[in-house]
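Novice: Kindly generate the corresponding structure for this input.
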Amino acid sequence: RQLATKILRGAPLPANIEKGIQTLSATDREEFYRLIQSHWVDPGQIVIGAKDIGALNSSLRQPPTIHNFEHWMMAADAGRYMVDDILTKVDRAAMHSSLETRVPLLDHRVVELSWKIPLNMKINNGIGKWILREVLARHVPREYFERPKKGFSVPLSHWLRGPLRDWAESLLDEQRLLNEGYFSPKAVRAAWAAHLSGKRDYSRKLWAILMFQAWLEIQ
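Specialist: So this is what the prediction gives:
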């Protein structure tokens, strides 16, 4: 009922709901995975010259041939998202503070064992990480971990409409985008306007562009 009310009022939808709606256009499993991972349904509308999504996907490292779709996505995440995003950011943030981080669950023996475990012990009746939850329950009361996940996100949406607005506006200036020739000024400005209006939360989509723009500025 609350979701229906939000839709009728034109209020921003939760990110996971928008992402779910975004995947409805998928024609096969690979496309479904790409839509889950991508901020933009069609990156070709944002990045100039990136119209052939098939060619873009083929340039990425391909996961091994796996017939089970859930395992296929796990392999794809391990070979792309984990390596090029999560682990990279953790390493850079830690080393910036002179910290040595470790990822014990990525010990090759643990990884090799995990791939031998049947899927129903990883996802059981819709519950993910099932085998880890069961092991943890031997040592920790379930009420400590059977609850909604809490991340480490910052109020980026609010910051872009507030203290970071002028900074973002300068990087997303229409003439600047046109002169640089990397992003479609019309599409980027439309997303920026929608975000500022409060009708949509495009902070994650815009942040990727802003980071590129900030990097480009110091080159």
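Novice: The spatially most central residue of the chain: what's it in contact with?
Specialist: Geometric centre of the chain, nearest residue: Gln37, 5.4 Å, by C-alpha atoms, centre = their mean. Taking C-beta atoms under 8 Å, 6 or more residues apart in numbering, we find Gln37 in contact with 80-81. In this view, the C-beta of every residue, glycine as well, is placed from N, C-alpha and C.
Novice: Can you show me the CA trace of the top helix by length along the chain as CSV?
Specialist: Ranked by residue count under DSSP state H, the longest helix found in the chain is helix 203-217. This file holds the C-alpha atoms of helix 203-217, laid out as CSV (Å, rounded to 0.1, in the frame of the first residue of the first chain):
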residue,chain,number,x,y,z
SER,A,203,22.7,9.9,-7.0
ARG,A,204,24.5,6.6,-7.8
LYS,A,205,24.1,7.1,-11.5
LEU,A,206,25.4,10.6,-11.3
TRP,A,207,28.2,9.8,-8.9
ALA,A,208,29.9,7.5,-11.5
ILE,A,209,29.9,10.4,-14.0
LEU,A,210,31.0,12.9,-11.4
MET,A,211,34.0,10.7,-10.5
PHE,A,212,35.0,10.5,-14.1
GLN,A,213,34.6,14.2,-14.5
ALA,A,214,36.6,14.9,-11.3
TRP,A,215,39.4,12.6,-12.6
LEU,A,216,39.4,14.2,-16.0
GLU,A,217,39.7,17.7,-14.5
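Novice: Make residue 1 into 57 and carry on from there
Specialist: In the new numbering, first residue 57, that becomes helix 259-273.
Novice: Could I get the buried residue list for that helix?
Specialist: Going by neighbour count (16 or more other C-beta atoms under 10 Å), the buried part of helix 259-273 is 259, 261-263, 265-266, 269.
Novice: ok, so of the residues you listed, who is nearest Leu143?
Specialist: Trp263 (19.3 Å; C-beta to C-beta).
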